[in-house]
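# Here's a sequence, model it:
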Amino acid sequence: MTTLLTLKALHIFFMVAWFAGIFYLPRLFVYHAMNKDKNTSELLKVMERRLLYFVTPFALLTLVFGVAVIFQYSFDWFRQSYWLHAKLTLVVLLYIYHGYCFKLLKDFKNDTNTRSDKFYRIFNEAPVLVLLVIILLAVVKPF
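A predicted model of the protein is given here:
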(Lines give C-alpha, C1' and ligand atoms only; values in the text may rest on other atoms or scores of the structure.)
Protein backbone atom coordinates (compact mmCIF):
# COMPACT_ATOMS: atom_id res chain seq x y z
CA MET A 1 0.00 0.00 0.00
CA THR A 2 2.90 2.35 0.71
CA THR A 3 4.11 2.06 -2.90
CA LEU A 4 0.66 2.88 -4.25
CA LEU A 5 0.25 5.90 -1.98
CA THR A 6 3.73 7.16 -2.87
CA LEU A 7 2.97 6.84 -6.57
CA LYS A 8 -0.35 8.67 -6.11
CA ALA A 9 1.37 11.45 -4.16
CA LEU A 10 4.01 11.88 -6.85
CA HIS A 11 1.33 11.84 -9.56
CA ILE A 12 -0.58 14.60 -7.77
CA PHE A 13 2.56 16.63 -7.06
CA PHE A 14 3.73 16.65 -10.66
CA MET A 15 0.19 17.35 -11.90
CA VAL A 16 -0.01 20.42 -9.65
CA ALA A 17 3.41 21.61 -10.83
CA TRP A 18 2.39 21.05 -14.47
CA PHE A 19 -0.85 22.93 -14.03
CA ALA A 20 0.86 25.89 -12.41
CA GLY A 21 2.60 26.40 -15.74
CA ILE A 22 -0.41 25.50 -17.87
CA PHE A 23 -2.46 28.12 -16.02
CA TYR A 24 0.20 30.82 -16.32
CA LEU A 25 1.51 30.32 -19.87
CA PRO A 26 -1.69 31.37 -21.65
CA ARG A 27 -1.80 34.44 -19.39
CA LEU A 28 1.61 35.37 -20.79
CA PHE A 29 0.15 34.81 -24.26
CA VAL A 30 -2.65 37.27 -23.39
CA TYR A 31 -0.11 39.93 -22.45
CA HIS A 32 1.98 39.15 -25.50
CA ALA A 33 -1.01 39.44 -27.86
CA MET A 34 -1.86 42.84 -26.32
CA ASN A 35 1.72 44.09 -26.44
CA LYS A 36 3.06 46.48 -29.07
CA ASP A 37 6.51 47.15 -27.60
CA LYS A 38 9.43 45.25 -29.20
CA ASN A 39 11.48 45.03 -25.98
CA THR A 40 8.53 43.75 -23.98
CA SER A 41 7.78 41.26 -26.73
CA GLU A 42 11.31 39.89 -26.56
CA LEU A 43 11.07 39.54 -22.78
CA LEU A 44 7.73 37.72 -23.06
CA LYS A 45 9.22 35.34 -25.64
CA VAL A 46 11.93 34.36 -23.17
CA MET A 47 9.46 33.95 -20.32
CA GLU A 48 7.06 31.87 -22.40
CA ARG A 49 9.78 29.56 -23.70
CA ARG A 50 11.38 29.04 -20.31
CA LEU A 51 8.04 28.35 -18.65
CA LEU A 52 6.87 25.85 -21.26
CA TYR A 53 10.16 23.98 -21.24
CA PHE A 54 10.21 24.07 -17.43
CA VAL A 55 6.76 22.48 -17.00
CA THR A 56 7.01 19.92 -19.82
CA PRO A 57 8.99 17.44 -17.67
CA PHE A 58 6.25 17.79 -15.03
CA ALA A 59 3.68 16.83 -17.66
CA LEU A 60 5.73 13.76 -18.53
CA LEU A 61 6.23 12.78 -14.90
CA THR A 62 2.50 13.19 -14.27
CA LEU A 63 1.95 10.64 -17.02
CA VAL A 64 4.65 8.27 -15.75
CA PHE A 65 3.31 8.21 -12.19
CA GLY A 66 -0.31 8.03 -13.37
CA VAL A 67 0.46 4.96 -15.46
CA ALA A 68 2.38 3.47 -12.53
CA VAL A 69 -0.69 3.91 -10.32
CA ILE A 70 -2.83 2.11 -12.89
CA PHE A 71 -0.34 -0.78 -13.00
CA GLN A 72 -0.37 -0.99 -9.20
CA TYR A 73 -4.14 -1.39 -9.21
CA SER A 74 -4.17 -4.02 -12.01
CA PHE A 75 -5.61 -4.37 -15.48
CA ASP A 76 -8.92 -5.75 -14.16
CA TRP A 77 -9.40 -2.66 -12.03
CA PHE A 78 -8.55 -0.45 -15.02
CA ARG A 79 -11.00 -2.29 -17.26
CA GLN A 80 -13.85 -1.87 -14.76
CA SER A 81 -13.12 1.78 -13.87
CA TYR A 82 -15.21 3.59 -16.45
CA TRP A 83 -14.73 6.89 -14.64
CA LEU A 84 -11.00 6.46 -15.31
CA HIS A 85 -11.63 5.98 -19.02
CA ALA A 86 -13.46 9.32 -19.08
CA LYS A 87 -10.67 10.92 -17.05
CA LEU A 88 -8.01 9.61 -19.40
CA THR A 89 -9.90 10.95 -22.40
CA LEU A 90 -9.77 14.40 -20.81
CA VAL A 91 -6.11 13.91 -19.93
CA VAL A 92 -5.35 13.19 -23.60
CA LEU A 93 -7.04 16.50 -24.44
CA LEU A 94 -4.77 18.24 -21.91
CA TYR A 95 -1.68 16.77 -23.53
CA ILE A 96 -2.95 17.96 -26.91
CA TYR A 97 -3.49 21.39 -25.32
CA HIS A 98 0.07 21.29 -23.98
CA GLY A 99 1.40 20.37 -27.41
CA TYR A 100 -0.59 23.17 -29.00
CA CYS A 101 1.14 25.58 -26.62
CA PHE A 102 4.40 24.74 -28.42
CA LYS A 103 2.79 25.80 -31.70
CA LEU A 104 1.60 29.06 -30.15
CA LEU A 105 5.05 29.61 -28.65
CA LYS A 106 6.55 29.22 -32.11
CA ASP A 107 4.05 31.72 -33.56
CA PHE A 108 5.06 34.32 -31.00
CA LYS A 109 8.76 33.52 -31.46
CA ASN A 110 8.44 34.13 -35.21
CA ASP A 111 6.18 37.17 -34.75
CA THR A 112 3.43 35.40 -36.70
CA ASN A 113 0.73 35.29 -34.04
CA THR A 114 -2.66 36.15 -35.53
CA ARG A 115 -4.79 35.47 -32.45
CA SER A 116 -6.25 38.16 -30.22
CA ASP A 117 -5.85 38.56 -26.49
CA LYS A 118 -9.52 37.53 -26.21
CA PHE A 119 -8.71 34.17 -27.81
CA TYR A 120 -5.93 33.63 -25.27
CA ARG A 121 -8.22 34.60 -22.39
CA ILE A 122 -10.64 31.87 -23.45
CA PHE A 123 -7.76 29.50 -24.16
CA ASN A 124 -6.55 30.17 -20.61
CA GLU A 125 -9.85 29.00 -19.09
CA ALA A 126 -10.10 25.64 -20.89
CA PRO A 127 -7.67 23.68 -18.69
CA VAL A 128 -9.37 25.00 -15.54
CA LEU A 129 -12.68 23.48 -16.59
CA VAL A 130 -11.09 20.24 -17.75
CA LEU A 131 -9.19 19.93 -14.47
CA LEU A 132 -12.42 20.44 -12.51
CA VAL A 133 -14.10 17.56 -14.35
CA ILE A 134 -11.01 15.35 -13.95
CA ILE A 135 -10.94 15.94 -10.19
CA LEU A 136 -14.67 15.27 -9.91
CA LEU A 137 -14.24 12.01 -11.82
CA ALA A 138 -11.28 10.93 -9.69
CA VAL A 139 -12.94 11.74 -6.37
CA VAL A 140 -16.60 10.87 -7.01
CA LYS A 141 -16.00 7.94 -9.41
CA PRO A 142 -19.55 8.25 -10.78
CA PHE A 143 -19.43 5.16 -13.00
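
# What's the first helix or strand after the lowest-mean-pLDDT helix or strand in the chain?
Ranking every helix and strand in the chain by mean pLDDT, DSSP states H and E puts helix 75-80 at the bottom, with a mean of 95. Sequence-wise, the next helix or strand downstream of helix 75-80 (DSSP states H and E) is helix 82-109.

# Might you quantify the distance of that next one from its chain's geometric centre?
Using Cα atoms, centre = their mean, to the nearest Å, we find the averaged C-alpha position of helix 82-109 to lie 6 Å away from the chain's own average C-alpha position.

# Kindly report the same for stretch 95-111.
13 Å.

# Tell me which helix or strand the closest residue to His98 other than its chain neighbours sits in.
When the adjacent residues along the chain are set aside, His98 lies closest to Ala59, with 5.6 Å between them (Cβ to Cβ, 6 or more residues apart in numbering). Placement of C-beta: from N, CA and C, glycine included. For Ala59, the enclosing helix or strand under DSSP H and E is helix 38-73.

# Pull out the buried positions in the host helix or strand of Ile22.
Assigned by DSSP H and E, Ile22 falls within helix 2-34. For helix 2-34, a neighbour-count test (16 or more other Cβ atoms under 10 Å) marks 7, 10-11, 14-15, 17-19, 21-22, 25-26, 28-30, 32-33 as buried.

# same question, stretch 108-119
When neighbours are counted by 16+ other Cβ under 10 Å, the buried residues of stretch 108-119 are found to be Phe108, Asn113, Phe119.

# got it, and stretch 80-89?
Buried positions in stretch 80-89, judged by neighbour count with 16+ other Cβ under 10 Å: Ser81, Trp83, Leu84, Lys87, Leu88.
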